Each structure stands twice: as structure tokens, then as C-alpha cells.
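> Compute the structure for the input listed below.
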Amino acid sequence: MRKERQQRTYPAWSKHTAIVGVLSLFVAASAQAGRDSLALAPDSSAVPADTLAQPADTARRAEKTTVIYLEKSDAIHFDQKRLPGAQIIKGNPVRFRHDNAVMYCDSAYLWSKKNSFDAFGHVRIIEGDSIFIYGDLLFYDGNTRLARMRHNVRMENDEAVLTTDSLNYDRAADLAYYYTGGKLQDDQNTLTSVWGQYGPNTKQALFRDRVHLLNESFTMDADTLTYNTETKIAGIVGDTHIIYDGETDIYSTHGWYDTDREQSMLLDRSLIVHADGKTVTGDTLFYDKGRQYVEGFSRVAMSDTVQQVTLHGHYVFYNEATEYGLATDSAMLVDWSTQDSLFMHADTMTVSKDSVYNLAKAYYNVRFYRVDLQGACDSLVYRSRDSVATLYGQPVVWSGANQLSGDSIQAYVRNQTIDHIHVSTGTLAVQRYDSAHYNQVSGKELTAFMADGELYRVEVSGNAETIYYPVDEQDTTIIGLNKTQSSYVNMFFEEQQIRRIVLTAASSGTMYPLGELTGDDVYLNGFFWLDEQQPKRREDIFLVFPRNRHASTVVHSQSAASASRPEEDEAAEGEEGDAETSPQASGRNVRPPRNAPPAK
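Here you go, the predicted structure:
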């Protein structure tokens, strides 16, 4: 249809047309400003100034003023009483030309002195070979080059069709705008709004007030939106909601969306919500819906409301199809599935999933914090297949005044809580009684059993050794140092306190008077204490320490007998109060230290 319009030829001038054309040449110099010009739609000041295409400058209009020519008509009449100064023109059709635009209608009123006309019935404007406008009524001003088309208006170019009831087309500014509701449609999208403007040559459009974009794959609702009919890119400049029905919701106030490639750049803390319960928010998000992945930059948080975990980082990547996610640059995982949340940091974190099971990995400088449990290691892997979290690379776990370490540590999870912890090779468990006395146990393997977050039994097997300071249950003073060797040790706890210790029959042990052993004799081989590396609050997971984590800060040459308890230990002791009485040890009425031997 468009090609037919472009190839249309125009008939020769009629007698009336020639006369009017000559008269027009004499009145051109005295042409006045356009009548009833509408520069912008009502309330256009509410639209951001940088998004409005402005009409041509008045001075520039005057410089470029040209005469309207009547090229074809069947009859011309005058009625000075009813329409003074107007030529009443009829034709089949009437044809005007102004610059590179040709205009058709059934009848018209031509004001030659004002260089303007009103056109009625089957009105058409053809500008160049690419812009076509149709309507029932036209008010055209040749001085300002403003066309005001009314009723059943349709504007077409090679890219799109705009329909409305009232359209103002500023030819000087290449800008068409409506303010009573309109629709712009191209081969992929349909956009509707109360107010809108469109540049048919630039292909750029601006919409405001109840903007709705309809695509076969999604819909977009906004207060303000820009759109280019050539690139198919929608510019987000206000509150915008993009909906993939039953799949994804996108909320943004700033950015762009490529509706052809289904790619978007979302700024200013935008939010992506998936139907499976996963959400992503961040300062900047690049989302490729077609390829099903999102990249986030700066303060990014990816949450899973089903698993109740959130992955943070200044860079986050997530693939929806494979369910693979990665976070780095201040990466942090928060598990909020229980009353006390777990906070974990590492240089890099990944999450993935096979057909059924989840896999999470943390690499380099791993540190985590929960109120009742803290830890550090070089890397960590969690597999939901067997619900086991394995700590590698000089792992250390703390619980209160208890420290547990080994070549690797495995934590077995049941019902979202730790059921038991297993340490294989290099096992060392330490409990700090005060700055000079540490209860210790080591062996080839250690298993700590827990229930409801409380330690209730510890098993140590294979060359089990202990150094233990029993205390008098009457005055809570340390009565000596007990060293034992056994193939197996079983310790039972109640409220984090040792209630019973069971050794194998083939065991040996010696109780030494306090002060008889000094220096390295009061420590097991490989002893270290890393109180300064223990996360005391969740912000501490971002602290960085030397890679040689198993380097003790305790001065081994200090005498256990001569060392006095620091004032801060006495203050802490006063706050915690006395412990419960424990069974007898070594044939005397004694009890374990207040905080119990190593629990974890």
C-alpha cells in the first residue's frame, strides 16, 4: 500500500489552481503567524525536560516560511459575510503542496494572507516518500508548519502506525504528539498511553500517563517510557513493571529494555522476581531473558525464598536454565532458614543444581558466623545429596570458648541444623579456661554429636590424648593437670558441660600437681589457639588473616603454675556464674572447668 502511494502521479493544474497560485505569491511577504497553534500538549511541563523533543525555534520558522500552493481543485467560492478573506475550495480531491508535503481533502478553506487552510473530509498528508497521515479534519499553518489533525487520525511511516483522535504534527521539529490517548504499533510491539509524542523520521517516541506496552512474550506498564520503533528499545524513565506471565516480574525506575532481543540494562536498585521464588536486586542489572541469565553489579543480592538463602556480592551472575550462580567481590551468603541466621564470606561463591540436588562452593578465605558457631577455612563445599558441608584447607571451627581443627572437617546437616561434625586426621580440640590453661584433646578421628544446636557427645578414636585441668567443686580452683593416652575417648555433655568421660580399658594417665609441668609440656603436639581470628560478630567474616592459620599466638614458655588469670577473665567469669557439679574425676571430688572441654 505504501509503495502505491509513493508512486502516485499528480494531475495537471486546473484553471482555478493557476489563479490562486499567482495570488499566493503576492501575499507571501505579509504572511502572519499561524492561527491557534498548539506547541505542546496540555500539562507537558510534567514530563522531564530532557525527554521532550522541542518544537522548532520561532525565529528559525520565520526564516524558512514558504507559501502554500493549491495544486488542484474543482471549484473555488467566496463568502465574505460568513468567511471573510477565505477561499472556499471543493474538489475530487482538493490538493495542496507545502515544501515537500502534499495534502489532500474533499473541501477546504484557504486563507492566503495567513498562509493557512482548514481541510475537511478524507484528509491525507504525504510528506516525502515515508510519512502518511490520515484524518477527518485538518488545521494547517504554513508559517509554523504545524498540522493539527482531528478525528480518526492515523500516522504511518516505514516503521510504525500511530492512531489517535487528535494529533498535532510539527513538521519543523519532526514531532507528532497527542494528549487524549493514542496507540503506536510496529511489527513487534503495541504501545498505548494518554499522552505521547513521536518523531517519524528519528523513530523516537515518548509516552506518559498509563503507558502500556504489549508484546507477544511480555507486557510493560509504566508512568513514563521512551521507545524507538527502529531499534525496538524501550527507555525506562519512571516506575516500570515488566511481566512475563507466570515466569518473571521486573521492577525498575531507570534503564532500557531491548524488546527485540529481550535484553535489558536495569539501574537504580531494580528488582527481578522469578516464579520459582528466586529474586535478584542490585545497583545495576543486565538481564538477558532470551538466554536466561542475569549479571548484577554493585550491592547485588540474589535470594531464594524456597531455600531461604541470599547470595550477596558486588558481582553476581545467575543462569536460570542451569540454575548456576556465582558471586564475588565481597561475596556473602546468608542462610535465614533458622532462627539464627548464618553469614558466610569467601572470595568467590558458586551455587548449582543437577536434576535434584544442590551444590554450593566457597573458595579462598572462607569465614562464617552464627551466634552458636563460627568457622574459617580455605574452601568449603556443601552437597544436598548427602547434606554434608566439607571444610578444606586448615579448617577451624569455634563454639564459645571451644576450638576444633583438623585436616578437613565435615558437618552433617539434618532438618536444616547440624546433626554431627566429623574431623579426620590432624584432629585437635581446645577449650580455653583462662589465658594460661587450655583443655585439649587430639586423635586420629573425632565426631561431635549435636541436638537442637547443643553438643551432647564427643567421640575421639585412634591415639587419643588429653590434657585436662580438673577443678575442685567446692571452690572452683584448679587442682592439677591430668594427661591421658587412650585408643578411644567418649565424652558426654549436658548444657555444654562434661558430665561423664569414658576411656578404653587399656589407658594410661597421670595427674600432675599444678605447676609441675611447664612450657611445651602443658600443650599437646600441634597446639594452637586463634582467638583473634574467631568471628565475634557477622561483620568479622570480612577480616583477612595470614594463610598459615595454624600458627598459635599463645606463648608456650609461660608457666601454667605461675600464670595468673587476667582481670578480664575474672570479669567474664563473674558474669557467667558457677557451673553445675560434675562427677568425680581421678578419685577426687572435682568437676570440669566452667566452659567444659572442647565441644566442637
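
> quick one: average pLDDT of the strand or helix carrying Ser352?
Taking DSSP states H and E as the definition, Ser352 sits inside strand 342-353. Averaged over strand 342-353, pLDDT sits at 93.

> Also stretch 254-265?
Mean predicted lDDT for stretch 254-265 stands at 96.

> What's the separation between Asp106 and Asp520?
Asp106 sits 111 Å away from Asp520, taking Cβ to Cβ, to the nearest Å as the criterion. (Each C-beta comes from the backbone N, C-alpha and C, glycine too.)

> Identify the residue nearest Thr75 in space, chain neighbours excluded?
Check again: residue 75 is Ala, not Thr. Nearest residue to Ala75, sequence neighbours excluded (Cβ to Cβ, 6 or more residues apart in numbering): Lys90, at 4.8 Å.

> The one you found: neighbouring residues, count only.
17 (other Cβ atoms under 10 Å).

> Provide the strand pairings for the helix or strand harbouring it, with the direction of each partner.
Assigned by DSSP H and E, Lys90 belongs to strand 87-98. When pairing is defined by DSSP bridges, strand 87-98 lines up against strand 69-72 (antiparallel), strand 75-78 (antiparallel), strand 101-111 (antiparallel).

> Mind listing residues that contact that strand?
For strand 87-98, the external contacting residues (Cβ atoms under 8 Å, 6 or more residues apart in numbering) are 10, 20, 66-79, 102-112, 117, 119, 122, 140, 142, 145.

> Hmm, Ser507 and Lys484 touching each other?
Quick fix: residue 484 is Thr, not Lys. Yes: contact criterion Cβ atoms under 8 Å: Thr484 and Ser507 qualify, at 6.2 Å.

> Settle it for me: which of these two has more neighbours?
Comparing Thr484 with Ser507 by neighbour count (other Cβ under 10 Å), the higher total belongs to Thr484, at 19 against 15.

> Return the residues in contact with the more buried one.
With contact set as Cβ under 8 Å, 6+ apart, Thr484 has these partners: Ala464, Glu465, Thr466, Tyr468, Leu503, Ser507, Ser508, Gly509, Thr510.

> which of the residues you listed are buried?
Buried members of the contacts of Thr484, scored by 16 or more other Cβ atoms under 10 Å, are Ala464, Glu465, Thr466, Tyr468, Leu503.

> Now, the residues you listed that are in strands?
When these are checked against strands (DSSP state E), the matches are Ala464, Glu465, Thr466, Tyr468, Leu503.

> in this structure, what spans have low per-residue confidence?
For the chain, applying pLDDT under 70 flags the ranges 1-64, 495-499, 505-506, 547-600.

> and Asp106 and Asp520? which has more neighbours close in?
Between Asp106 and Asp520, counted using other Cβ under 10 Å, the more crowded position is Asp106 (16 against 11).

> Can you verify my assumption that the more buried one contacts Gly121?
Yes: Asp106 is in contact with Gly121 according to Cβ under 8 Å; the separation is 3.3 Å.

> Return the set of residues that bridge with Val458.
Beta bridges link Val458 to Ala448, Met491 when assigned by DSSP bridges.

> Do I have it right that it meets Ile501?
No: applying Cβ under 8 Å, one finds Val458 not in contact with Ile501, separated by 9.7 Å.

> about what we covered before: does anything pack onto the strand holding Ser352? Which helices or strands?
Judged by 3 or more Cβ pairs under 8 Å, 6 or more residues apart in numbering; DSSP states H and E, strand 342-353 is in contact with strand 309-319, strand 324-335, strand 358-370, strand 373-383.

> Report the buried residues of that strand.
Within strand 342-353, the residues scored as buried using 16+ other Cβ under 10 Å are Leu342, Phe343, Met344, His345, Ala346, Thr348, Met349, Thr350, Val351.

> gap between the two ends of stretch 227-244?
End-to-end distance of stretch 227-244 (Cα to Cα, to the nearest Å): 19 Å.

> just stretch 154-170 next, same as before
Stretch 154-170 has an end-to-end distance of 15 Å (criterion: Cα to Cα).

> Looking at the buried ones among the contacts of Thr484, which is nearest Arg537?
For the buried ones among the contacts of Thr484, the minimum distance to Arg537 (Cβ to Cβ) is 30.8 Å, reached by Tyr468.

> which non-adjacent residue is nearest that closest one?
Nearest-residue entry for Tyr468: Asn482, 4.5 Å, with adjacent residues in sequence omitted and distances by Cβ to Cβ, 6+ apart.
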